[in-house]
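Undergrad: output the structure for:
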Amino acid sequence: MELTITILAFLVGFILVVLAIPPVIRVAHAKHLFDPVNERKIHNKVVPQLGGVAIFIAFCITTIIVTDGIRFDELKYFIASTIIMFFIGLKDDLMDISAKKKLIVQLLAAYILVGMGDVRFTSLYGVFGIHEIGIFGSTLISVFTVVVIVNAFNLIDGIDGLASGLAILASVLLGIWFFMAGFIAYAIMSFALVGSLTGFFIFNVFGIKNKLFMGDTGSLIVGLLIAGLIISFNELNSSLSQGFPAVNASPVISFALIIVPLIDTLRVMSIRIRDKRSPFSADKKHIHHMIFYFQKRHLVVSIILIFSNFIMFLLALGLNETLLNVNYQFMILLTVGFIVSFIPSILIRFDKIKQSGELIKSRKWLVTRLF
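TA: Numbers count the residues shown, from 1 in each chain. Below is the predicted model:
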């Protein structure tokens with residue numbers, strides 16, 4: 001029965017998105033609600049960016065219906081914070097708002113989930129030598145985590161299928177763990193999100209007339225939900241006795257689940273600060289832009305990054321089996337992640353040097369032929 005309703009959550013989420021997207025696209029075309037084409041964008045034609053509306057509708061309806069009869073006290077706070085994030089994302093898609101205003105609303109939504117819903121870290125499993133943490137520190141760290149993950153997904157949403165693909169990967173892995181650990185309500189919520197994102201992914205990647213982007217509406221609510229699921233995973237893991245499916249250092253696994261958006265956010269913000277620019281300024285320094293330099297197909301770039309994220313997750317699982325100190329595990333994962341993230345930009349630099357050398361040679365050849 002538990003397996004049936006978990007699968008049902010995926011199917012209902014998928015079907016609702018597939019049904020919701022065509023009307024959303026018709027409204028976007030009727031009201032001329034498109035993502036503008038500019039020098040920061042990879043796409044070269046106007047596309048509706050209200051995919052987040054369909055994801056929001058499908059996820060909320062699916063989770064509420066399929067968890068009916070199952071005790072899930074935190075659900076109302078997940079839904080409440082998602083609604084707040086939905087409206088600020090929708091306003092940003094339609095009107096553009098300042099980063100400061102977005103951050104304030106993100107903090108509010110995060111506090112509702114953490115402070116009122118009690119979806120919070122109570123232990124860091126020895127990260128930085130910290131184990132149990134008090135209510136103030138717990139709230140601060142948890143709210144910070146939510147805001148960071150929300151913005152990481154917002155920033156990684158730059159090509160077709162990437163943000164949704166990474167979120168599908170994280171949600172599937174979390175959903176499987178919740179199911180194996182017996183936390184069926186969270187498994188249902190995870191697979192409701194997977195179903196909603198899978199339906200969107202098909203339109204986003206393979207759509208022609210019905211193509212659309214998730215927009216800030218989608219990336220913000222997806223980031224919020226992934227953050228809530230990751231925090232819940234850490235807390236519920238601590239309640240399990242040692243042995244399968246419990247993990248020794250769940251913060252390391254959590255980091256690995258979304259390492260691509262997190263590392264990319266840290267990398268681009270570091271570069272912007274180094275260049276004396278605002279860390280929130282827009283540019284084309286993201287890792288997907290770097291890979292796009294060599295491979296012009298969005299789906300291929302997205303698959304490369306999603307697969308890389310999965311490999312890093314497997315590395316984290318392997319590190320957990322070694323029983324290394326959690327801080328060593330973190331350092332290894334972070335170091336490998338940063339090294340890999342800089343490979344595309346290094347290859348681009350070498351390619352440009354090579355092209356520059358070939359250009360000089362061709363100019364010399366032309367001069368000798370002419371004179």
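Undergrad: what ranges do the strands span in the chain?
TA: 34-35, 47-48, 123-127, 130-132 (DSSP state E).
Undergrad: which elements pack onto the longest one?
TA: Counting contacts by 3 or more Cβ pairs under 8 Å, 6 or more residues apart in numbering; DSSP states H and E, strand 123-127 is packed against strand 130-132, helix 215-238, helix 250-257, helix 326-370. Yep, even glycine has a C-beta here, placed from its N, CA and C like the rest.
Undergrad: wait, which of the ones you listed is closest to Lys209?
TA: helix 215-238 (18.4 Å; Cβ to Cβ).
Undergrad: off-centre distance for the closest one?
TA: Centre-to-centre, helix 215-238 and its host chain are 9 Å apart (Cα atoms, centre = their mean, to the nearest Å).
Undergrad: who's in contact with Ile271?
TA: Neighbouring residues of Ile271 by Cβ atoms under 8 Å, 6 or more residues apart in numbering: Lys285.
Undergrad: make TSV out of the strands of the chain and add distance to Ser142, mean pLDDT and mean neighbour count.
TA: Listed next are the strands of the chain as TSV, based on distance: least, Cβ to Cβ, whole Å; pLDDT from 0 to 100; neighbours: other Cβ atoms under 10 Å:
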stretch	distance to Ser142	mean pLDDT	mean neighbour count
strand 34-35	32	72	17
strand 47-48	34	84	23
strand 123-127	11	88	17
strand 130-132	13	87	11
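Undergrad: Asn237 is nearest to which of these?
TA: Among the strands of the chain, strand 123-127 sits nearest to Asn237 (Cβ to Cβ), with 8.8 Å.
Undergrad: how far off centre is the closest one?
TA: 23 Å.
Undergrad: and if you look at stretch 108-121?
TA: Distance, centroid of stretch 108-121 to centroid of chain: 19 Å (Cα atoms, centre = their mean).
Undergrad: which of the residues in it are buried?
TA: Across stretch 108-121, burial judged by 16 or more other Cβ atoms under 10 Å covers Ala109, Ala110, Tyr111, Ile112, Leu113, Val114, Gly115, Gly117, Val119, Arg120, Phe121.
Undergrad: ok, so of these, who is nearest Lys211?
TA: Ala109 (28.7 Å).
Undergrad: hmm, the closest one is touching Ile84, no?
TA: Yes. Taking contact to mean Cβ atoms under 8 Å, the distance of 4.3 Å between Ala109 and Ile84 places them in contact.
Undergrad: what about the nearest residue to Ala163 once chain neighbours are set aside, how many neighbours?
TA: Once flanking residues are discounted, Ala163 sits nearest to Asp157: 3.8 Å by Cβ to Cβ, 6 or more residues apart in numbering. Neighbours of Asp157 under the rule other Cβ atoms under 10 Å: 27.
Undergrad: contacting residues around Asp157?
TA: Contacts of Asp157 by Cβ under 8 Å, 6+ apart are Ala163, Phe213, Met214, Gly218, Ser219.
Undergrad: what sits against the last one?
TA: Which is Ser219. Taking Cβ under 8 Å, 6+ apart, one finds Gly52, Gly89, Phe153, Asn154, Ile156, Asp157, Ala163 in contact with Ser219.
Undergrad: how close does it sit to Arg71?
TA: As judged by Cβ to Cβ, to the nearest Å, Ser219 and Arg71 stand 31 Å apart.
Undergrad: low-confidence ranges in this protein?
TA: 35-44, 358-371 (pLDDT under 70).
Undergrad: tell me where the stretch 51-200 of the chain has helices.
TA: 51-66, 75-95, 99-111, 135-156, 162-181, 184-206 (DSSP state H, counting those that start in this stretch).
Undergrad: quick check: buried residues in the first one?
TA: Counting neighbours by 16+ other Cβ under 10 Å, one finds that the buried residues in helix 51-66 are 51-63, 66.
Undergrad: returning to that earlier point: need the helices of the stretch 51-200 of the chain in JSON lines (columns: distance to Arg349).
TA: Listed next are these as JSON lines, based on distance: least, Cβ to Cβ, whole Å:
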{"stretch": "helix 51-66", "distance to Arg349": "35"}
{"stretch": "helix 75-95", "distance to Arg349": "34"}
{"stretch": "helix 99-111", "distance to Arg349": "30"}
{"stretch": "helix 135-156", "distance to Arg349": "22"}
{"stretch": "helix 162-181", "distance to Arg349": "23"}
{"stretch": "helix 184-206", "distance to Arg349": "30"}
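Undergrad: which of those sits closest to Asn248?
TA: The nearest among the helices of the stretch 51-200 of the chain, by Cβ to Cβ, is helix 162-181 at 13.9 Å.
Undergrad: for that closest one, packing partners?
TA: helix 2-31, helix 135-156, helix 184-206, helix 215-238, helix 250-257, helix 259-274, helix 298-322.
Undergrad: buried sites along the second one?
TA: Spelled out, that is helix 135-156. 138-139, 141-143, 145-156.
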